[in-house]
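K.L.:
build me a model:
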Amino acid sequence: MPEEIAAPITSWTGLISLMGALGLGGVLTALASRPSRRAVAATAAKDEATGEAAVIAAMADAFTGTTGALREEVERMQDMLNDLRQRVAEAEAELRAAAGREAGLERLIAEQRAMLETSHNDVIRLRGERDGAIEKTVQQEGEIRQLKAVIEARARVGD
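P.N.:
Down below sits the predicted model:
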């Protein structure tokens, strides 16, 4: 037996035993260091949850960014709306002032038309008076000529 113990590697059986022992040791080491199915499933579930959490966090960040951008846009639009309301109020005030000026101008035009009508009537009346005066003047000139003719005729007869 001492010979078999002393030279186990030199024989085929020793070599096979040694290789079997090494293989068995490797298999046992691999089995011992291999994680359990529960650990693998838990790690996979943890990784999946971490991935989902990252996706949710990314979506939340995007939503927050979008919400912030929308808030800024709403504020900008509210400022624009307030500006437009102010412009509309100013335009309405300007329209009211223009309407007041228009009413004043319409009154002035009505007064001017009334004055024009009066002036026109005066011109027509004065033309009538002028024509009457011209006719009277022509008639009187005729009478004067007749009287001169009578005076001259008397002066010829009386001579």
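K.L.:
how many neighbouring residues does Arg85 have?
P.N.:
Counted with other CB atoms under 10 Å, residues neighbouring Arg85 total 10. C-beta coordinates here come from the backbone N, C-alpha and C atoms, glycine included.
K.L.:
what is the three-state secondary structure of it?
P.N.:
helix (DSSP: H, G, I helix; E, B strand; the rest coil).
K.L.:
now the one 4 residues further on
P.N.:
State at Ala89, reduced to three classes by three-state DSSP: helix.
K.L.:
so how far is Glu94 from the residue nearest the centre of the chain?
P.N.:
The centroid of the chain falls nearest to Met80 when counting by CA atoms, centre = their mean (6.8 Å). Applying CB to CB, to the nearest Å, the value for Met80 to Glu94 is 21 Å.
K.L.:
try Glu106
P.N.:
From Glu106 across to Glu94, the span is 18 Å (CB to CB).
K.L.:
repeat for Lys136
P.N.:
Distance from Lys136 to Glu94, by CB to CB: 61 Å.
K.L.:
same check, this time on Val150
P.N.:
Distance from Val150 to Glu94, by CB to CB: 81 Å.
K.L.:
for Ala58, same thing?
P.N.:
53 Å.
K.L.:
using PDB, write out every CA atom in stretch 109-128.
P.N.:
This file holds the C-alpha atoms of stretch 109-128, laid out as PDB (Å, rounded to 0.1, in the frame of the first residue of the first chain):
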ATOM      1  CA  ILE A 109     -71.900 121.500 -40.000                       C
ATOM      2  CA  ALA A 110     -75.600 121.900 -39.100                       C
ATOM      3  CA  GLU A 111     -75.000 125.400 -37.900                       C
ATOM      4  CA  GLN A 112     -73.000 126.200 -41.000                       C
ATOM      5  CA  ARG A 113     -75.700 124.800 -43.200                       C
ATOM      6  CA  ALA A 114     -78.300 126.900 -41.400                       C
ATOM      7  CA  MET A 115     -76.100 129.900 -41.800                       C
ATOM      8  CA  LEU A 116     -75.600 129.000 -45.500                       C
ATOM      9  CA  GLU A 117     -79.400 128.600 -46.000                       C
ATOM     10  CA  THR A 118     -80.000 132.000 -44.300                       C
ATOM     11  CA  SER A 119     -77.200 133.600 -46.500                       C
ATOM     12  CA  HIS A 120     -78.700 132.000 -49.600                       C
ATOM     13  CA  ASN A 121     -82.200 133.300 -48.700                       C
ATOM     14  CA  ASP A 122     -80.600 136.800 -48.100                       C
ATOM     15  CA  VAL A 123     -78.900 136.700 -51.400                       C
ATOM     16  CA  ILE A 124     -82.100 135.700 -53.200                       C
ATOM     17  CA  ARG A 125     -84.000 138.500 -51.300                       C
ATOM     18  CA  LEU A 126     -81.200 141.000 -52.100                       C
ATOM     19  CA  ARG A 127     -81.200 140.000 -55.700                       C
ATOM     20  CA  GLY A 128     -84.900 140.600 -55.800                       C
END
